[in-house]
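In: Here is a sequence together with a model predicted from it:
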Amino acid sequence: MFNRFFRCVLLTTLLCMVSIAPGFAAKSPVIDVTSVRLGLHKDKTRFVLEMSEKPDVSVFLLAEPYRIVIDLPELNWQADDSAPRQKGVIQNYRYGLFKKHTSRVVLDVDGPVRILRSVILPPAAGKPYRFFIDIQRTDQASFMTAVRERRKEALAKEVAMAPQPPVQTPSGKKHIVIIDAGHGGIDPGAIGQSGVFEKIITLGVAQKLNGILAKNPAYHPIMTRNDDTFLSLRERVAVARGAGADLFISIHADSISRPDFRGATVYTLSETASDDEAAEIAHTANRSDLIGGVDLSAQDDTVQGILIDLAQRETMNFSVKVAEMIIPEIAKSGMKTRGRSHRFAGFRVLKAPDVPSVLVELGYLSNREDEKILKSQNGQTRLAQAIANAIAGYFDAVDP
């Protein structure tokens with residue numbers, strides 16, 4: 001089994017910095033968004049939301065790339081999605097559930113900007129509540145000053161938060177397995193030919209895998225998310241490390257421009273990708289935080305120190321064992337496996353230095369045959385059972 005000495009030292013010497021989003025009351029009502037508009041004026045760009053209730057709003061700037069993040073209570077988005085999403089400094093916008101009771105709108109902007117004002121107007125002249133912000137171009141220095149001030153405030157909140165107690169392993173449960181359903185909330189992941197979102201597929205398989213493992217007294221499965229909410233990559237890793245996990249399984253489903261490509265692939269961590277396709281898939285997966293409006297510049301994935309380096313080498317060896325067991329089990333399930341089915345690249349979600357971790361690409365949503373399997377309850381159950389079989393084989397091999 002994985003060297004417990006390394007885990008003990010690492011858990012007491014490393015701190016997982018988890019991004020804290022502004023919180024709202026647990027009983028916040030769901031607010032209807034009935035309209036969204038972009039307006040271009042002589043010296044500013046305006047972003048407007050019409051809403052059924054008065055919202056609590058938090059607005060801040062992010063760099064690398066340039067973004068404006070708007071956090072609100074949970075939204076029921078009824079606005080016309082076909083309306084233009086680009087005007088003035090705004091290049092695009094997206095929205096979705098960020099955490100329970102918190103929705104997030106992210107505006108992509110084309111350079112350094114400043115927020116002239118942020119206003120909530122009460123109902124008037126037949127209009128509902130209106131929230132708008134006026135945005136204006138600014139210089140880089142002023143923009144970065146605003147970003148740094150916000151970052152200090154966020155760090156102060158993190159320091160003030162009491163540390164979360166480790167997850168207790170129930171009596172009789174031996175192996176802690178983290179099941180990570182990729183994407184979620186504001187980040188839909190890949191989109192299939194039929195329009196199905198990757199985040200829905202991954203959650204379905206993860207829930208089925210969780211159900212299978214929970215029935216076995218040898219395992220204590222923990223899901224990083226059990227609903228359609230967003231988790232940053234760092235938060236996913238933090239769940240595994242905080243639980244003292246023995247294994248981390250991240251579940252995904254890819255999409256590619258070639259609809260003839262199909263089959264499952266299993267990835268393990270390496271700073272050097274095994275091939276161009278692996279590098280591109282890792283790049284896409286690592287964009288999840290960018291899509292969700294996470295402050296990327298505040299994150300440091302560098303693993304330093306001799307002890308940590310040794311621990312991660314041992315972890316990677318165990319990760320390879322898991323990958324080599326998952327591939328033949330998936331092949332037995334009826335899902336095709338790719339040539340060179342075990343690949344490696346720099347997936348940030350696999351970077352816990354003390355937890356063996358793999359990322360399973362179940363298949364290609366861009367391929368009709370794969371998508372049909374991935375969307376079906378039977379197909380999801382077979383894939384979940386295949387992964388469960390591999391998990392059992394892995395623990396039998398490393399901890400008989």
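Out: Thanks, I have it.

In: From start to finish, how long is stretch 75-82 in a straight line?
Out: 18 Å (CA to CA, to the nearest Å).

In: Can you list the neighbours in contact with that stretch?
Out: Contact with stretch 75-82 is made by 30-36, 49-51, 95, 103, as judged by CB atoms under 8 Å, 6 or more residues apart in numbering. For glycine as for every other residue, the C-beta is placed from the backbone atoms N, C-alpha and C.

In: burial measure for Gly111, as a count.
Out: When neighbours are counted by other CB atoms under 10 Å, Gly111 registers 13.

In: circling back: could you flag which of the contacts of stretch 75-82 are buried?
Out: Buried members of those, counted by 16 or more other CB atoms under 10 Å: 31, 33-34, 36, 49-51, 95, 103.

In: which of these lies closest to Gly339?
Out: Distance to Gly339 across the buried ones among the contacts of stretch 75-82 (CB to CB) is lowest for Tyr95, with 39.2 Å.

In: which stretches of the stretch 101-250 of the chain have low pLDDT?
Out: The model of the stretch 101-250 of the chain has pLDDT under 70 over residues 154-173.

In: mind running it again at 80?
Out: 151-173 (pLDDT under 80).

In: all helices of the stretch 1-150 of the chain, in order?
Out: With helices called from DSSP state H, counting those that start in this stretch, the stretch 1-150 of the chain shows them at 4-13, 140-160.

In: Just give the nearest non-adjacent residue to Asp139, would you?
Out: Pro112 (6.4 Å; CB to CB, 6 or more residues apart in numbering).

In: about what we covered before: in JSON lines, list the contacts of stretch 75-82 along with distance to Gln140.
Out: As requested, the contacts of stretch 75-82 are exported to JSON lines (distance: CB to CB, whole Å):
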{"residue": "Val30", "distance to Gln140": "38"}
{"residue": "Ile31", "distance to Gln140": "35"}
{"residue": "Asp32", "distance to Gln140": "38"}
{"residue": "Val33", "distance to Gln140": "32"}
{"residue": "Thr34", "distance to Gln140": "37"}
{"residue": "Ser35", "distance to Gln140": "34"}
{"residue": "Val36", "distance to Gln140": "29"}
{"residue": "Leu49", "distance to Gln140": "28"}
{"residue": "Glu50", "distance to Gln140": "33"}
{"residue": "Met51", "distance to Gln140": "33"}
{"residue": "Tyr95", "distance to Gln140": "27"}
{"residue": "Ser103", "distance to Gln140": "30"}
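
In: Please flag which of these sit within strands.
Out: Secondary structure from DSSP state E places 31-36, 49-51, 95, 103 of the contacts of stretch 75-82 in strands.
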